[in-house]
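A.B. asks: mind folding the following:
(chains A and B)
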Amino acid sequence: MATLLQGVGIASAFSASTSLDSKKFQLRSLSGRKAVINVVRSDASLNLNAGARKAGRLITNAVAAKGDSSTASTSSKPGHELLLFEALREGLEEEMERDPTVCVMGEDVGHYGGSYKVTKDLAKKFGDLRVLDTPIAENSFTGMGIGAAMTGLRTVVEGMNMGFLLLAFNQISNNCGMLHYTSGGQFKIPIVIRGPGGVGRQLGAEHSQRLESYFQSIPGIQMVACSTPYNAKGLMKAAIRSENPVILFEHVLLYNLKERIPDEEYVLSLEEAEMVRPGEHVTILTYSRMRYHVMQAAKTLVNKGYDPEVIDIRSLKPFDLHTIGNSIKKTHRVLIVEECMRTGGIGASLTAAINENFHDYLDAPVVCLSSQDVPTPYAGPLEEWTVVQPAQIVTAVEKLCQ
Amino acid sequence: MAVSRLASSSSSSGSSLVKPISAALSFTSSLRRSLSSSADDSTTLTIETSLPFTSHNCDPPSRAVETSPKELMSFFREMALMRRMEIAADSLYKAKLIRGFCHLYDGQEAVAVGMEAAITKKDCIITAYRDHCTFLGRGGTLLEVFAELMGRQAGCSKGKGGSMHFYKKENGFYGGHGIVGAQIPLGCGLAFAQKYSKDETVTFASYGDGAANQGQLFEALNMAALWDLPAILVCENNHYGMGTAEWRAAKSPAYYKRGDYVPGLKVDGMDVLAVKQACKFAKEYALKNGPLILEMDTYRYHGHSMSDPGSTYRTRDEISGVRQERDPVERVRKLLTSHDIASEKELKDIEKEIRKAVDEAIAQAKESPMPEPSELFTNVYVKGYGVESFGADRKEVRARLP
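C.D. replies: Below you'll find the model as predicted:
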């Protein structure tokens, strides 16, 4: 079976990316992009230079620490504070203003403003055709979005809950992922499929699906998961500008995170992981909501004397094995914390990829903490037990570091 | 099911006297031409279709179709070419040069040719897997067809698509889809993009009587009607969904009525002039009023695909009966000879030319090389980012995804 190994073409970008010294941010201009926007490498280095010039380096970063508290941005330049769903909306709005071929379709995105308010007021601004309210027909409106993308429109299809997109699996797998290949390169499908998934607060089994595990084998698509307002906006913009079909996974419980993000325009890279907390003892790989459980556990671990390195992998397909590999070469221990189920989840693939590529650097087997292989129950305590909790993360790290 | 009959039975040899072919055939302008090989394209002939149109919720177009000798000659040439191509594909399949699935269109040529005559290359056509002739009609070459069927580099999808994935983006042919019914939402997406860009063009989304029972058809139809998309859904009703006759699969085999609030038209799909008239009417209608369903009453001589003999669920008498009485190529041949546009000999010469062209194309296609191994990895993504892909053997087949 084929695995993906990433060799990102940037030379020497990672040599000392984990230290807390002043670091220059590497500017990477991707071919084909207009030179106005800066693509920001997201290192967790502290910001030091004052101000940010548009044409120069954008030196801002925001590290969301944990939970729902607002983060004190380390940027000296004042940005603006907003919630994650507003960040998504800002990204979407900026892209729709910039490019008239960007359009949104989904259930209740128009007049209602989006069930999570991501598209609030966009229909008033851009009209009903560009922010299209569809009937409840996921298979067909995803197919429609793909058909429109075949002609060059950049559609953003919203699934009200990622779980509903199971109905559109045929369209996503066969048409979205494979048309570029089976047509010999004739058709591009610059579509973005986005929506909230993951385990919420007692939503029940059918509304707590983690679809990244089902979609990860489809060739031809990219998958990214956002976790903070900063990376939500950046990933949304990057996904819309990408020529490949991108599936953007949001999380139901993260929509109300508050953070300060820069005022300038910025686009993140779809294929990179984010260094949340550099460390020395163990590499913890995570994404989406579990990032916050990990950071909570990290506080406890730091108090106990451990120094975990936390990486938010962000790019679920393909994995940013460059960042991950450099981290493993430093710490030699890996813990994966994910919300997918144990069988066939993102963690399972990541474990396989790490074992294949970095086996020699490991001092201990890769430990993967995932949700239980059960349908998510409704009862509160039961639901808590299906998902990985910070206490379990602490225990796992302690065992790993013995 | 009713098989329409021409009033006169079997072939009549052409003579210089004008002979009425069926009781419904009438001429309104002078048609007697001298027997010359070049037909004058400034004359218009008005020929009545053999059957009237039946309509649902709309006014049917007139039975009198305007055409010209030049157009009739081109119909004959194209249909004979398609017929010859499909029969050649049959032999190639039996010689194991074509593998996998091969769905042949012979018998249904009038639908492809008639549709082309009514539209431009800016309009879009999307169809299912029985797409060889539609591709040819959209400007594909014989070489591209045979090379793709045999999996060679010169094929329209570089050999990576196969029989069911023919595409020609610049001529508005969007394929070529293997999953039954999945192309209908794609077709509505194409129509959505046309409406979005205000192109004044339409999309013809074809499907079969088997696909007419798919839910996504009705979902897409609802959306197309809701937003007045210029989509024309064409049901190519050849009365058999693989091995299941239409009366065994559909409670209501009146597919043109199934749109309910969407008007429909039933057309004799073996009569190229009727198809042309219906498509012209449909294009005008769709640009003003939104979607329309066309049901083409047609027939396929081969089985569902090359692995299906085609005789286990229907009698050979039925097949030969249709071939004798409704064959589209024969019908045009009779029109041409009875109107003295061409003699039998000229038509036979044309067929000989066609045969030669097909043989040459096959020979040329056989010379075309198989795709390079590196082609395995091209066109997975539009813009690569250096991901490597390798299979079980890390030395042999390994490449960066471009």
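A.B. asks: quick one: B:Arg130 is in a strand?
C.D. replies: No. Counting by DSSP: H, G, I helix; E, B strand; the rest coil, B:Arg130 falls outside a strand, being coil.
A.B. asks: quick check: phi and psi at B:Gly241.
C.D. replies: Dihedral angles of B:Gly241 (phi, psi; degrees, to the nearest 10) stand at phi -100, psi 100.
A.B. asks: off-centre distance for the strand or helix carrying B:Lys356?
C.D. replies: Taking DSSP states H and E as the definition, B:Lys356 sits inside helix B:344-367. Distance, stretch centre to chain centre, for helix B:344-367: 20 Å (CA atoms, centre = their mean, to the nearest Å).
A.B. asks: and the helices in chain A?
C.D. replies: Counting by DSSP state H, one finds helices in chain A at the ranges A:84-98, A:122-126, A:138-151, A:169-170, A:179-182, A:212-215, A:229-241, A:290-303, A:321-331, A:346-358, A:380-386, A:390-400.
A.B. asks: nearest to chain B, of those helices?
C.D. replies: helix A:138-151 (2.3 Å; CB to the nearest CB). C-beta: built from backbone N, CA, C; applies to glycine.
A.B. asks: that closest one packs against which elements?
C.D. replies: In terms of contacts (3 or more CB pairs under 8 Å, 6 or more residues apart in numbering or on different chains; DSSP states H and E), helix A:138-151 is packed against strand A:102-106, strand A:154-158, helix B:183-196, helix B:215-226.
A.B. asks: each with direction, which strands does the helix or strand following the longest one pair with?
C.D. replies: Scanning the chain past helix B:183-196 towards its C-terminal end, the next helix or strand to appear is strand B:203-208 (assignment: DSSP H and E). Based on DSSP bridges, the pairing partners of strand B:203-208 within the sheet are strand B:124-126 (parallel), strand B:231-237 (parallel).
A.B. asks: put the alpha carbons of the longest one into PDB.
C.D. replies: Yep, that's strand B:231-237 we're talking about. Backbone C-alpha positions of strand B:231-237 (Å, rounded to 0.1, in the frame of the first residue of the first chain) are rendered in PDB as follows:
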ATOM      1  CA  ALA B 231     -30.200  22.400 -17.400                       C
ATOM      2  CA  ILE B 232     -31.800  19.900 -19.800                       C
ATOM      3  CA  LEU B 233     -32.000  16.400 -18.400                       C
ATOM      4  CA  VAL B 234     -31.900  13.900 -21.300                       C
ATOM      5  CA  CYS B 235     -33.100  10.400 -20.500                       C
ATOM      6  CA  GLU B 236     -31.700   8.100 -23.100                       C
ATOM      7  CA  ASN B 237     -34.300   5.400 -22.700                       C
END
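A.B. asks: got the angle between it and helix B:183-196?
C.D. replies: On the basis of axes from the mean of the first three to the mean of the last three CA atoms, to 10 degrees, strand B:231-237 is oriented at 150 degrees to helix B:183-196.
A.B. asks: residues near B:Lys356, how many?
C.D. replies: With neighbours defined by other CB atoms under 10 Å in any protein chain shown, the count for B:Lys356 comes to 11.
A.B. asks: and it, how far is that from B:Ala88?
C.D. replies: As judged by CB to CB, to the nearest Å, B:Lys356 and B:Ala88 stand 12 Å apart.
A.B. asks: just name the most buried of the helices of chain A.
C.D. replies: Ranked by mean neighbour count, these are led by helix A:138-151 with a mean of 30 (mean count of other CB atoms under 10 Å in any protein chain shown).
A.B. asks: now for the chain, the helix or strand with the poorest mean pLDDT.
C.D. replies: I went with chain A, as the question did not name one. Every helix and strand in chain A was compared by mean pLDDT, DSSP states H and E; the lowest is strand A:3-6, with a mean of 40.
A.B. asks: hm, I was asking about chain B
C.D. replies: Within chain B, no helix or strand scores below strand B:398-400, which has a mean of 63 by mean pLDDT, DSSP H and E.
A.B. asks: thanks a lot, see you next time.
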